[in-house]
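S.K.: here is a sequence with its predicted model. Questions after.
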Amino acid sequence: MNLDQIIACPMCDALHLDQEVQKQSVAQCARCGTVLAAPKSGAMTRIAMLSITALILLMAAASFPFLSLRVQGFSHQASVLDTILAFATGPMLPLSLATGFLILLVPAARYCALIYTLAPMAIGYRPAPHAATVYIWSERLRPWAMAEIFIIGVAVALVKVSGLARVELGPAFWAFAALLVVTILTDSSICRLTVWKTLKIRRTI
């Protein structure tokens, strides 16, 4: 049997015969129940548009004021970039670099990779050069794109800070909150098996 007709479950490595899965249907692993394929109509267009939206939200979240604090008549507001640059010297430099890398650069790189991989195929063209390699990197970056983790951590911290000062949420906070929703929608729309099949078919056309 041709190995191209065999797919392995990413969780338990059980082997399955690759078959055509109808759109809006779900193919699951016979051993552990992991979803192997869940193709959806217009998914690539949806993912590309969501990725563009996420990039715009990420830029807004990085540049606009994130929050402002008011204590005894004094007020101060800062953006995420201000916070990163404020700790860019001294012993806090590694933490500052990690924050900027994981919260801003890695998510932006992942969304750019998804757009590069899926946008040409979404409009009916052949994959861009090295699209498969770029898509592999987008999958490798996914666990390290922590913009959504950042907003959850901030929300927990604000509960404690609110007892000490008056906290006003800025536009960047809501941009991060919207980014969290967009990220969830993007990840739920991706059928990785369908992406790989489309990359293979379109390369041979």
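M.R.: It's in. Residues are numbered from 1 along each chain as shown.

S.K.: how far out from the middle of the chain is stretch 15-26?
M.R.: The chain centre lies 25 Å from the centre of stretch 15-26; the measure is CA atoms, centre = their mean, to the nearest Å.

S.K.: swap that for stretch 42-60, sorry
M.R.: From the chain centre to the centre of stretch 42-60 is a distance of 9 Å (CA atoms, centre = their mean).

S.K.: kindly tell me how buried residue 116 is, as a neighbour count.
M.R.: Residue crowding around residue 116 was assessed by other CB atoms under 10 Å; the count is 20. For the C-beta atoms, the positions are set from N, CA and C on the backbone; glycine is no exception.

S.K.: list the contacts for it?
M.R.: Each residue near residue 116 by CB atoms under 8 Å, 6 or more residues apart in numbering is listed here: 128, 131, 134.

S.K.: change it to 10 Å
M.R.: Contact analysis of residue 116 by CB atoms under 10 Å, 6 or more residues apart in numbering lists 48, 51, 127-131, 134-135, 137-138.

S.K.: next, give me the two most distant ones among the residues you listed.
M.R.: Maximum pairwise distance in the contacts of residue 116, criterion CB to CB, is 18.9 Å, between 51 and 129.

S.K.: more neighbours: these two, which one.
M.R.: Counted by other CB under 10 Å, residue 51 and residue 129 do not tie: residue 51 has more neighbours, with 23 against 9.

S.K.: three-state assignment of the more buried one?
M.R.: helix (DSSP: H, G, I helix; E, B strand; the rest coil).

S.K.: touching, it and residue 111? I think so.
M.R.: Yes. Residue 51 lies in contact with residue 111 (CB atoms under 10 Å); the separation is 4.3 Å.

S.K.: quick one: neighbours of residue 121, just the number.
M.R.: 20.

S.K.: quick revisit: what is in contact with residue 51 and residue 111 at once?
M.R.: 138, 182-183, 186.

S.K.: residue ranges for the strands of the chain, please.
M.R.: 6-8, 15-17, 27-28, 35-37, 67-71, 74-78, 166-169 (DSSP state E).

S.K.: can you say which of those is packed in most?
M.R.: Greatest average neighbour count among those goes to strand 35-37 (a mean of 19), per mean count of other CB atoms under 10 Å.

S.K.: isn't residue 63 up against residue 79?
M.R.: Yes. Residue 63 lies in contact with residue 79 (CB under 10 Å); the separation is 6.1 Å.
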